[in-house]
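1. from the sequence below, what's the structure:
(one chain, ligands or ions: 1)
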Amino acid sequence: MITCEGLVKIYKSDDLEVVALQGLNLKVEDGELMAIIGNSGSGKSTLLNILGGLDRPSAGSVHVGPWDLLKISEDDLVKYKRETVGFIWQNNARNLLPYLTALENVEMPMMLSGKVDRAYAKQLLEWVGLKERMHNKLHQLSGGEQQRVAIAISLCNRPKLLLADEPTGSVDTATSDLIMGIFRKLNQELGVTIVIVTHDLTLAGKVDRVVAIRDGLTSTEFLKRNPNMIPGGGEEQQEEKGLQAVHEAYVVVDRVGRLQVPKEYLSALNIKDKASMEFDGERIIITPPKSLGG
Ligand SMILES: Nc1ncnc2c1ncn2[C@@H]1O[C@H](COP(=O)(O)OP(=O)(O)OP(=O)(O)O)[C@@H](O)[C@H]1O
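-> Numbers count the residues shown, from 1 in each chain. Alright, predicted model coming up:
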């Protein structure tokens, strides 16, 4: 579904340049439900905005299904956004209208795109567990319920790809579990490919594959040891142990053999711009530069 190779995004303002993505590689299979994690400023939102067609990449390649998002024309980009992707934001207030009901909020984007399908709008609200609340005005719903309305809205155009930026950022744990359950259902029953960007390791721990971004590059991949396991109880324990309670961590090696060594490893060994590397037949060993080490 998604292939990014050597993806670069540079933000330019007056005399300042920020390289937000530095040649990022990422593959997401059709029908996958995966998460992207990373520290603040690592480039997660930049990537999501590019995948959602809200921002243009500077260089490299990015394909979503048949679309080439580097070369796509403005007209096709509008079509792509309308037909292929759905977006969920942490701050749903910017999508929703407080003086309309949940149902009217779902129908609004349908109206804007020219075809209101009330039966489908109702079905979507039922999907997110708001069947009983669909005629309530938005301001009568809790934050978590409003977030579920936002999820229903993101599905209005029957997207093949759903992009969620911190979807559980401002809701409690119970709502976060509920939202994750909705994602899993959408993924398994409708086959929607879902990419979640999150800081929330508990949420990330619930998907089979998590990709970590560091400094605008994919650095580590976490794969669930038992992909069929859907965490039920004992999740507090899982949170304590972080992702590696149920996931195995792998360092990402790109096509030309580059990988990122965590900064803390480098500073622990006082490695700056050079290192020595040996291969002992089984392991590759990186040490401070031998001839310079003294
Ligand atoms: N419009 C912009 N103009 C200039 N720089 C930007 C712009 N948007 C993002 N950046 C910079 O690009 C880098 C990556 O930002 P991005 O928002 O993608 O990070 P993030 O991982 O999503 O962070 P957070 O978790 O805090 O949202 C940061 O250094 C940020 O300051």
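
2. neighbours around the closest residue to the ligand within the stretch 51-200 of the chain, how many?
-> Here the stretch 51-200 of the chain gets closest to the ligand at one residue, H199, 6.4 Å apart by Cβ to the nearest ligand atom. Quick note: C-beta positions are derived from backbone N, CA and C, even for glycine. Other residues near H199 come to 15 when the count uses other Cβ atoms under 10 Å.

3. and the chain, which residues reach the ligand?
-> Y11, S13, V18, A20, G38, S40, G41, S42, G43, K44, S45, T46 (Cβ under 6 Å from any ligand atom).

4. so which of these are in strands?
-> Among the residues of the chain next to the ligand, the ones falling in strands (DSSP state E) are Y11, S13, V18, A20.

5. check the residue of the stretch 51-200 of the chain closest to the ligand and give its pLDDT.
-> pLDDT for H199: 83.

6. give the contact list for W89.
-> N95, A150, D165, E166, P167 (Cβ atoms under 8 Å, 6 or more residues apart in numbering).

7. hey, where'd the helices end up in this protein?
-> For the chain, the helices defined by DSSP state H occupy 44-51, 74-83, 102-112, 118-127, 143-154, 173-185, 201-204, 235-241, 263-268.

8. what about the ones you listed, which gets the closest to C4?
-> helix 44-51 (7.6 Å; Cβ to Cβ).

9. what distance separates the closest one from the middle of the whole chain?
-> 8 Å (Cα atoms, centre = their mean, to the nearest Å).

10. and it, what does it pack against?
-> For helix 44-51, the packing partners by 3 or more Cβ pairs under 8 Å, 6 or more residues apart in numbering; DSSP states H and E come out as strand 2-13, strand 16-28, strand 33-37, strand 59-64, strand 161-165, strand 193-197.

11. just the buried residues of the ones in strands among the residues of the chain next to the ligand.
-> Using 16 or more other Cβ atoms under 10 Å as the burial test, those include A20 as buried.

12. hang on, V253 packs against I284?
-> No: V253 is beyond contact range of I284, at 10.6 Å (criterion: Cβ atoms under 8 Å).

13. the ligand versus the nearest residue to A212 once chain neighbours are set aside, what's the distance?
-> Of all residues not flanking A212 in the chain, T220 sits nearest, at 4.2 Å (Cβ to Cβ, 6 or more residues apart in numbering). Distance, T220 to the ligand, using Cβ to the nearest ligand atom, to the nearest Å: 15 Å.

14. bridging residues for T220?
-> Going by DSSP bridges, T220 is paired in beta bridges with A212, V251.

15. I'd guessed it sits against V251; true?
-> Yes: judged on Cβ under 8 Å, T220 makes contact with V251 at a distance of 5.9 Å.

16. the more surrounded of those two?
-> Higher neighbour count among T220 and V251: T220, with 19 against 13, using other Cβ under 10 Å.

17. so what's the more buried one up against?
-> Counting by Cβ under 8 Å, 6+ apart, T220 touches V211, A212, R214, A249, Y250, V251, V252.

18. what is the burial count for the second one?
-> By the other Cβ under 10 Å criterion, the neighbourhood of A212 contains 23 residues.

19. show me the protein divided up by domain.
-> As assigned by automatic domain parsing, the chain contains the domains 1-84+202-259, 261-294.

20. what comes up buried for the last one?
-> Of the residues in domain 261-294, those buried under the neighbour-count criterion (16+ other Cβ under 10 Å) are I271.

21. same check on stretch 35-47?
-> Residues of stretch 35-47 classed as buried: A35, I36, I37, G38, S42, G43, K44, S45, T46, L47 (neighbour count, 16+ other Cβ under 10 Å).

22. before we move on, the earlier item: the residue of the stretch 51-200 of the chain closest to the ligand against D165, yeah?
-> No: the pair H199 / D165 is not scored as a contact, 10.7 Å apart, by Cβ under 8 Å.

23. quick one on the thing from earlier: give me the buried subset of the contacts of W89.
-> Buried among these (16+ other Cβ under 10 Å): N95, A150, D165, E166, P167.
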